[in-house]
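Colleague: mind looking at a prediction? Sequence and model below.
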Amino acid sequence: MAFSPALPILRCRDVRAIEAAQLEAQPPLMERAGLAAAGWVEELLACSPGCVLVLAGPGNNGGDGFVLARELRRQGIEVVLVSAAKVAKLPPDAAIARQSWLDAGGQILPDFIGTQWALVVDALFGIGLTRPIDGLHADWIARLNALSCPRLALDIPSGLNADTGALIGPCVQATHTASFIALKPGLLTLDGPDYCGQVRVFDLDLPLPQAMGREISPACFTDHLLPRRRNTHKGQFGAVGVVGGAAGMQGAALLAARAALHLGPGKVFLGLLDAAGAGVDVAYPEIMWRSPADLFLLVSALVIGPGLGKGEAASVHVRRVLGFTRPLLIDADGLNLLAAEPALLGVLAGRAGASVLTPHPAEAARLLQTSVAQVQADRVSTACELARRTQAIVVLKGCGSIVATPDGRWFINSSGNSGMASGGMGDVLSGLIAALLAQGWPALEATLCGVHLHGAAADQLATQGVGPVGLTAGETILAARHLFNFWITP
């Protein structure tokens, strides 16, 4: 099966470096960007033609808007261009684009009225914005967001931090975003997905350097999406062990074990801390129950954390599993117990086997001894720092989950929906990743696949009317199995 490529993601500094190296390029990058976006506008107007409103700002993003407006006018599309930019303060390329618009017979209005637009283009502020938008431009954004027509942002919605996805202040609520050269982190994580709408990348025919960031797609792990031979047996597919499930929290461990069971390991073992546990999963009796201490000799990949609790027994098990020499995934209270004993992070970093950590922002903050606000202020940098310190593959969960490696590579996942903000989803993710680890997948590819597959399964359910509101963690397990088998079908 052919999959879409894993698109590169560039931080602002990398984009600026590329732009600086292309100052003499012909045609100029601003011309390429404006023309590319104009082509998309023409597509969007095909079913609903009418007048286009372009709001052009005081920088190069505004210059892109002038080029776009000129091209649309040349195509016979009615355009109203509004700008408060002072000519003397425009960057040189933007000033040239402005004059080109005027030479083509265009006009520049100081403001706009009415709601009759077929489409509005946000060319106010691009990726370089660092302060909240105020005054007239903030008023324009408020009025633009109140319109019912499509709203196309050039490069990034004005008011959104391109590196982090954080809102800087008033922000354009785009229905479409034309990202130039490459994706930016802020389009895919934190608040970005709520403000960018549909994102389309226009590379402007530029060669890109090797990017440390990538958007996750099945292309990242397609070499491991192989159909099974008929002549196989369960011993070839490894065994998953799940340690967790203290009193009152057995459900978390069960979800992890059930998720693992449905992604193909030969065996799944469950080691509950609650000695009074039932001893069998009636819904899935294939899961075998053992004492946590027995799992070391039985499994090829181990999960610790789901429903683990924070008691002394839990702490003992966390310390013990750090000596496990095969792939280890630590989640939930396993992470909290590591954070409570910082010396264990050094032991974790020195493990012989592969390690995967799957913290949500609060757990990441505890591990790094910082605040949730600081974690969310730059999710990519946080995930990379935690991966470096622990020498583990790190999944910083949330909107646009970040996967980071100890050598500085990072990936952002765009699958998934708001229905995943419910209890047990992290436990299911742990089980999915562990199942692939047990089957011999490399830690990075297993993690990328588990993260993307889980979100894609939730998306598939939503298209079928199952959620997003009210979607449960357990429902994503069977959907993930179905989608995974679709992926590996020749």
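Modeller: Perfect, thanks for sending it.

Colleague: chain center to whichever strand or helix holds N336: distance?
Modeller: N336 is part of helix 333-340, with elements assigned from DSSP states H and E. From the chain centre to the centre of helix 333-340 is a distance of 24 Å (CA atoms, centre = their mean, to the nearest Å).

Colleague: packing partners for that helix?
Modeller: Judged by 3 or more CB pairs under 8 Å, 6 or more residues apart in numbering; DSSP states H and E, helix 333-340 is in contact with helix 312-321, helix 343-349, helix 361-368. Any C-beta I mention is one placed from the backbone N, CA and C, and that applies to glycine too.

Colleague: got the angle between it and helix 361-368?
Modeller: Interaxial angle of helix 333-340 relative to helix 361-368 (axes from the mean of the first three to the mean of the last three CA atoms, to 10 degrees): 30 degrees.

Colleague: with just CA atoms, put helix 333-340 into CSV.
Modeller: Output of helix 333-340 as CSV, limited to C-alpha atoms (Å, rounded to 0.1, in the frame of the first residue of the first chain):
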residue,chain,number,x,y,z
ASP,A,333,2.2,6.3,37.9
GLY,A,334,5.4,4.6,36.7
LEU,A,335,6.5,8.0,35.5
ASN,A,336,5.4,9.7,38.6
LEU,A,337,7.4,7.3,40.7
LEU,A,338,10.5,8.0,38.6
ALA,A,339,9.9,11.7,39.1
ALA,A,340,9.7,11.1,42.9
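
Colleague: show me what it is in contact with.
Modeller: Helix 333-340 has contacts (CB atoms under 8 Å, 6 or more residues apart in numbering) with 244, 304-305, 307-310, 314-315, 318, 330, 344-345, 348, 357-359, 363, 366-367, 369.

Colleague: if we use 6 Å, what do you get?
Modeller: Contact with helix 333-340 is made by 304-305, 308-310, 315, 318, 344, 359, 363, 366-367, as judged by CB atoms under 6 Å, 6 or more residues apart in numbering.

Colleague: ranges for the strands of the stretch 101-250 of the chain?
Modeller: In the stretch 101-250 of the chain, the strands defined using DSSP state E, counting those that start in this stretch lie at 108-109, 119-123, 151-154, 176-180, 198-202, 213-215, 239-244.

Colleague: highest average neighbour count across the ones you listed?
Modeller: The highest mean neighbour count among the strands of the stretch 101-250 of the chain, using mean count of other CB atoms under 10 Å, belongs to strand 239-244: a mean of 32.

Colleague: so for that strand, mean pLDDT?
Modeller: On average, the pLDDT along strand 239-244 is 98.

Colleague: that strand to helix 333-340, inter-axis angle?
Modeller: Using the same axes, to 10 degrees: strand 239-244 against helix 333-340 is 60 degrees.

Colleague: CA atoms only: put the helix or strand following strand 239-244 into CSV for me.
Modeller: Going down the chain from strand 239-244, the next helix or strand is helix 250-261, by DSSP H and E. Below are the C-alpha coordinates for helix 250-261, written out as CSV (Å, rounded to 0.1, in the frame of the first residue of the first chain):
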residue,chain,number,x,y,z
GLN,A,250,-7.4,-2.7,37.6
GLY,A,251,-9.2,-1.2,34.6
ALA,A,252,-6.2,0.7,33.4
ALA,A,253,-4.0,-2.4,33.3
LEU,A,254,-6.7,-4.4,31.6
LEU,A,255,-7.1,-1.8,28.9
ALA,A,256,-3.3,-1.9,28.2
ALA,A,257,-3.3,-5.7,28.1
ARG,A,258,-6.4,-5.9,25.9
ALA,A,259,-4.9,-3.3,23.5
ALA,A,260,-1.7,-5.3,23.3
LEU,A,261,-3.7,-8.5,22.7
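
Colleague: now the spatially most central residue of the chain: how far from E31?
Modeller: Using CA atoms, centre = their mean, the residue of the chain that lies closest to the mean C-alpha position is G400, 2.5 Å off. For G400, the distance to E31 equals 31 Å [CB to CB, to the nearest Å].

Colleague: read off the pLDDT value for the residue nearest to A446 when sequence neighbours are not counted.
Modeller: Excluding the flanking residues, the one nearest A446 by CB to CB, 6 or more residues apart in numbering is L436, at 3.7 Å. pLDDT recorded at L436 is 98.

Colleague: show me the contacts for R326.
Modeller: 300, 353.

Colleague: helix or strand: which one has it?
Modeller: Judged by DSSP H and E, R326 forms part of no helix or strand.

Colleague: quick check: phi and psi at it.
Modeller: The phi/psi pair for R326 (degrees, to the nearest 10) reads phi -100, psi 180.

Colleague: equivalent analysis for A301, please.
Modeller: phi -150, psi 140.

Colleague: list the contacts for it?
Modeller: Going by CB under 6 Å, 6+ apart, A301 touches 240, 327, 434, 437-438.

Colleague: which among those gets closest to S300?
Modeller: The closest of the contacts of A301 to S300 turns out to be A438 (CB to CB; 4.7 Å).

Colleague: any idea how far that closest one is from Q75?
Modeller: As judged by CB to CB, A438 and Q75 stand 57 Å apart.

Colleague: which of those two has more neighbours?
Modeller: Set side by side, A438 and Q75 show more neighbours around A438, with 28 against 13, by other CB atoms under 10 Å.

Colleague: picking up where we left off before, in TSV: the helices and strands packed on helix 333-340, plus distance to L35, mean neighbour count and mean pLDDT.
Modeller: Below are the helices and strands packed on helix 333-340 laid out as TSV (distance: least, CB to CB, whole Å; neighbours: other CB atoms under 10 Å; pLDDT from 0 to 100):
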stretch	distance to L35	mean neighbour count	mean pLDDT
helix 312-321	57	18	94
helix 343-349	50	15	95
helix 361-368	40	21	98
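
Colleague: with that, I have no additional questions.
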